[in-house]
Structure formats: structure tokens, C-alpha cells
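sharing a model prediction with you, sequence too.
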Amino acid sequence: MKSIVDVPGIKVGHAQMDDKLTGCTVILTGEKGATAGVDIRGGAPGTRESALLDPGKAVDKIHGILLTGGSAFGLDAAAGVMKYLCEERIGFETGIMPVPIVPASVIFDFIIGGPAWPDSSLAYSACESAFSTEMERGNIGAGIGATIGKVNGPDFMMKSGVGTAYYQFSNGVSLGAFVVLNTFGDIRCQHTGKIIAGAYDRDNKIFLDTMSVLENNNINKEFGIENTTLVVLATDAQLNKTQAKKIAELGQNGLARSLSPVHTMFDGDTVYAVSTGNKKIDLSLLGNKAAEVIAEAILDSVHSAEMIAGIPSLKYIKEN
């Protein structure tokens, strides 16, 4: 199955603490770096270097992206990615030494793994494991502690993880998406609108429907801020920073098609878009297809996840 690593110039690496159920994933963009933009929605994001991606800021290229567990503590792990890239002589050239530009975003995954977070050495290991071949998905890297459907707390949530999807246009332009799914709400099939994962009543084997729970004011507020879905879009189409930001904005429509509810005050949904090439394509076409590819990657994340720490996955529910 093709994935985001089939976009030229992209490598993905994972590392995790299996006993603590937290981890990190790095997306490396090659020696020359990549143009990037970001779109952040929802009320609870956790990011590093995101302001630098604004089209008005001076630096044009990034050299990697870190997606990590551990809430805000996990942002420190970006130093490990910088160390690895600096040793490879990759970064913004200052005339003295290269300074790698590494945006980072976090999810809150303390619910099932306990208070632990990736550090710089773990992120360095993720860089060492990065490949441009078939990548793993599900309970790995930043997705090992990811969960969904937390409106009524951990007794009703399900296991999610990381997912990916890929599309190639008829003119040869590549487009890939990588998702760390840790949403407050439910997952709906973009084609049928049916809930396929989310807040789940394990005794009665039914989905609660998060929107209905919210409407009836039955939310468990104790678990209301521990969410966020992270996305990286990659393409070898030529984009400047303004165009990359627009692709990230359009890509958020993929979250809107799949997550219910989406962009809540309990989520910090973040979409990065990176360009590694110079191929030509219509921006509207690319952005709308990006939304479709993100929706496919979200489905891949729930289909790939495995039951862990007693948290049922979609696979487990189907088998039982």
C-alpha cells in the first residue's frame, strides 16, 4: 500500500516507549528542505515553530516535522531531531553552522500510558529509523497512545493510531497524508456519514454519538481537553509559503468530513503542508484532493489500530 513516503523527498521514522504508551514520529524533508505552511484550528493546540511558517516570516524551508505524545512536555523532543539533522549538515545555513528548522506538534496521551513523554534521544532514534519505503501504521510512534471518543471519559473511548494515504494525479504529481488521530469526537465514513469509531458503549455494543451527548449536556469535562489530530500533507507540486498554507487550510476539510464534532475547544487540530518538488498543478485541485486523502488517512488510522491497555480498537469490535 502506498503512503506519504511515496512522495519524493519524504522519509518517516517512529520511536516509542512501549511500557509508557507514548512515542514520536518524524517526517524528514530531505537535504534541501521543503516549503511549508500550517493551519491550526480548535482551542487546545500545542506547537513549536509554527509562527515561523507564516508567509510573512523570513525562513522559507523546513527540514523536518516532529509529531509527538507527551503534551507540551513532548515539544522538548524536537531538540533530538535538530541534533540529528545538524550532524547531517542539514539546516538553514548561517555561515557558522546549519540550524535545522523543525516545527513540532503534540497530542495528549497521558490517559492510558501515565505521565511520560518522548525526549530528545527518542526523537533522535526516530530520525535514525526514518525510511522512504513502506511505513508502519497503527499503534506506533506518536500514535501508540492515541485514543478517540472521549466525551464520556476513558470507559467509552476507543484506540486509534497513525494512518496514511497517497494519491498520484494523472500528470504525475504526488500527494500523501500522514495522520495522528487523537480526536475528542467520533469518526464518520466520508462516503456514508456513518459512525465507525468513537465513543463506544462496550456493554451494549453501540456508539454513543458524541454530538448527541453534547446536545444533552452529558459531557465528562474531566476529559475534555485531552485531544488533537495532527496531519502532515506532502506533495512534489511546487508551492510557495502562501500556497502551502492554503493547501493546509483546504486539507482541514478532510477532518470536517471525518470527525464529528471537529475543531472543538477540546482539540488542537493542526495540518501541515510541505512541498518537496517543482511540478505544476492547479491549487484548487490539489487542495480539494488533499481533503480526500486526509479523510482516507483518518480511516486508515482507525482500521490499523490494535486494542491496547484494555482500550478496544475497531478491529477488536469487529471480531467480537
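That came in fine, so what should we check first? Residues are numbered from 1 along each chain as shown.

where in the protein is pLDDT low?
Scanning the chain for pLDDT under 70 picks out the ranges 218-226.

for it, what spans make up the helices?
Assigned by DSSP state H, the chain shows helices spanning 78-87, 110-113, 120-128, 210-215, 241-258, 283-304, 314-319.

contact partners of the last one?
Right, helix 314-319. M158, K159, I196, A197, Y200, K205, V302, H303, A305, E306, M307 (CB atoms under 8 Å, 6 or more residues apart in numbering). In short, each C-beta sits where N, CA and C put it, glycine included.

change it to 10 Å
138, 148, 158-160, 187, 196-198, 200, 202, 205, 207, 299, 301-308, 312-313 (CB atoms under 10 Å, 6 or more residues apart in numbering).

before we move on, what about stretch 78-88?
With CB under 10 Å, 6+ apart as the criterion, stretch 78-88 contacts 13, 15, 24, 26-29, 31, 33, 48-49, 63-66, 68, 90-91, 97-105, 118-128, 130.

only the buried subset of the residues you listed, as a ChimeraX command please.
Selection of buried members from these for ChimeraX, criterion 16 or more other CB atoms under 10 Å:
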select :13,15,24,26,27,28,29,33,48,49,63,64,65,66,68,90,91,98,99,100,101,102,103,104,105,118,119,120,122,123,124,125,126,127,130
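
which single strand of this protein contains the most residues?
Taking DSSP state E as the criterion, the chain has its longest strand at strand 270-279.

how about that one: buried residues?
Neighbour-count burial for strand 270-279 flags T270, V271, Y272, A273, V274, S275, T276, G277, K279 (criterion: 16+ other CB under 10 Å).

same check, this time on stretch 234-242
A234, T235, D236, A237, L239, K241.

likewise stretch 164-172?
Under the neighbour-count criterion of 16+ other CB under 10 Å, stretch 164-172 has T164, A165, Y166, Y167, F169 buried.

so which of those are in strands?
Short answer: the buried residues of stretch 164-172 in strands (DSSP E) are T164, A165, Y166, Y167.

pick out the most distant pair among the residues you listed.
T164 and Y167 (11.4 Å; CB to CB).

common neighbours of these two, please.
Common neighbours of T164 and Y167, counting by CB under 10 Å, 6+ apart, are K2, D6, G176, A177, V293, E296.

circling back: dump the helices of the chain into TSV; add distance to H191 as well.
Shown next, in TSV, are the helices of the chain (distance: least, CB to CB, whole Å):
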stretch	distance to H191
helix 78-87	37
helix 110-113	30
helix 120-128	34
helix 210-215	19
helix 241-258	9
helix 283-304	9
helix 314-319	16
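
closest to G37 out of those helices?
Between the helices of the chain, helix 241-258 lies closest to G37; by CB to CB that is 3.2 Å.

about what we covered before: which neighbours does the longest strand of the chain have in its sheet, and in what orientation?
Sheet pairing for strand 270-279, assigned by DSSP bridges, gives strand 34-40 (antiparallel), strand 230-237 (parallel).

redo those strands as a markdown table? Include distance to L214.
Compiled in a markdown table, the strands paired with strand 270-279 are given as follows (distance: least, CB to CB, whole Å):
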| stretch | distance to L214 |
| --- | --- |
| strand 34-40 | 22 |
| strand 230-237 | 23 |
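
which one of those strands lies closest to H191?
strand 230-237 (19.6 Å).

in stretch 205-215, what counts as buried?
For stretch 205-215, the buried set under the neighbour-count rule, 16+ other CB under 10 Å, comprises F207, L208, D209, T210, V213.

how about the contacts made by the residue positioned nearest the centre of the chain?
By CA atoms, centre = their mean, the chain has its centre lying nearest to L230, at 2.8 Å. L230 makes contact with 25, 45-47, 65, 67-68, 104-107, 142-143, 146, 162, 178-182, 268-272, according to CB under 10 Å, 6+ apart.

is it bridged to anything, and to what?
When bridges are called by DSSP bridges, L230 pairs up with V180, T270.

what about the closest residue to L122 other than its chain neighbours, distance to V232?
Nearest residue to L122 in three dimensions, chain neighbours excluded: A15, at 4.9 Å (CB to CB, 6 or more residues apart in numbering). Using CB to CB, to the nearest Å, A15 is found at 17 Å from V232.

now K279
Distance from K279 to V232, counting by CB to CB: 19 Å.

kindly report the same for K61.
Distance, K61 to V232, using CB to CB: 15 Å.

N240 now?
18 Å.

cool, A79 as well?
Relative to V232, and taking CB to CB, A79 is found at 20 Å.

can you name the residues that contact Y272?
27, 34, 36-40, 47, 50, 53, 62, 65, 67, 103, 105, 178, 230-234, 244-245, 247-248, 251.
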